[in-house]
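Chemist: structure for this input, please:
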Amino acid sequence: MHTLQISIYVLASLIALALIFDFMNGFHDAANAIATVVSTGVLKPQNAVLMAAIFNFVAILLFGVTVASTVGKGIIDPSVVDHYIVFGALVGAIFWNMVTWYYGIPSSSSHALIGGLVGAAVAKGGTGTLVSAGLIKTIVFIVVSPLLGFVFGSIMMLLVSWVFVRSTPRRVDKWFRRIQLFSASMYSLGHGGNDAQKTIGIIWMLLIATGYSTAQDKLPPWWVIVSCYSAISLGTLFGGWRIVKTMGQKITKLKPIGGFCAETGGAITLFLATAFGIPVSTTHTITGAIVGVGAAKKMSAVRWGVAGTIIWAWLFTIPASAFVAAIAWWIATHFL
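Modeler: Here you go, the predicted structure:
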């Protein structure tokens, strides 16, 4: 494989841009981890954000780099990767994150990054640059992950309702205010474990292309792992507050018992996806789980119009970020 020759300054700039994306991922997705625990009144926003940030980083101890390998080696052909593709992918992803954050739409940073990679790679070498196995797996889970979140959230809600059927609402509320701290922590672990690895994969891809790492390496350099987990945790700490209201109140009204079930259903889905090396949308996973909890009570408890808006953003994320990435790739190749 040909080793890409670029200056250390260009390499450092692209790594910095990747970490900015990672920070924005945490900032944008902070709502996913804390919306349920804040909207139920179990934790104040500041405390919830701090807890989520801590568990985002603790995930470094529990998860490997299977998702990073998929992003770094399994979406586009490593032989076509250059600094222009990485630049285009990151610009496409960051642009879409900023647009959706501004309008308070819970879109997927993960799918924005995948879309960015696809757009930049296709702009350079056509569809032959794509790795079909990894891309198909990722696209399938765009649909599967929120459905799993929905199913697990619904099942948890039905099970818990059955177990506590003889308990008073006040007693149930008191218990689940405590238990929800655990479920929110587990969801934040899953969020950090899946999302931080996506940026690890991008930087790893760049290091392989420039000869600072090899495709045979089973792990990226340790500093890549630590810096990516740190960046997403700091982003979460500063919080994407605009999206919390949509996630926590507009889709369906949540009580502590519902918050626990949604977070647990979402966490199970993220743990499974990360174990199989599949980059999924943490945003759509928790959205599916929240909808599942609402639907388990009664279908009318879900504001389907809000859910529909989220689905439209879901459908547009990859094409929109791919389009912007292709333009960014073209500008980079001609003017940078």
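Chemist: the helix or strand hosting residue 140: which residues count as buried?
Modeler: Using DSSP states H and E, residue 140 sits within helix 132-163. For helix 132-163, burial by neighbour count (16 or more other C-beta atoms under 10 Å) applies to 134-135, 137-138, 141-142, 144-146, 148-157, 160. Quick note: C-beta positions are derived from backbone N, CA and C, even for glycine.
Chemist: please work out the angle formed by the directions of the following helix or strand past it and helix 132-163.
Modeler: Using DSSP H and E, the next helix or strand after helix 132-163 towards the C-terminus is helix 169-209. Put simply, helix 169-209 runs at 170 degrees to helix 132-163, going by axes from the mean of the first three to the mean of the last three C-alpha atoms, to 10 degrees.
Chemist: and helix 169-209, how far out from the chain middle?
Modeler: Chain-centre distance of helix 169-209: 10 Å, with C-alpha atoms, centre = their mean, to the nearest Å.
Chemist: tell me what that helix is packed against?
Modeler: Packing partners of helix 169-209 (3 or more C-beta pairs under 8 Å, 6 or more residues apart in numbering; DSSP states H and E): helix 8-39, helix 45-58, helix 66-73, helix 83-102, helix 109-125, helix 222-238, helix 256-275, helix 282-297.
Chemist: of those helices, which approaches residue 187 most closely?
Modeler: Closest of those to residue 187 is helix 256-275, at 4.3 Å (criterion: C-beta to C-beta).
Chemist: turn the helices and strands packed on helix 169-209 into TSV, including distance to residue 319.
Modeler: Compiled in TSV, those are given as follows (distance: least, C-beta to C-beta, whole Å):
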stretch	distance to residue 319
helix 8-39	19
helix 45-58	29
helix 66-73	19
helix 83-102	10
helix 109-125	7
helix 222-238	25
helix 256-275	22
helix 282-297	16
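Chemist: out of the ones you listed, which gets nearest to residue 336?
Modeler: helix 83-102 (7.5 Å).
Chemist: pull out the buried positions in that closest one.
Modeler: By neighbour count with 16+ other C-beta under 10 Å, helix 83-102 contains the buried residues 83-97, 99-101.
Chemist: ditto for stretch 46-57
Modeler: Neighbour-count burial for stretch 46-57, counted by 16+ other C-beta under 10 Å, picks out 48, 49, 50, 51, 52, 53, 54, 55, 56, 57.
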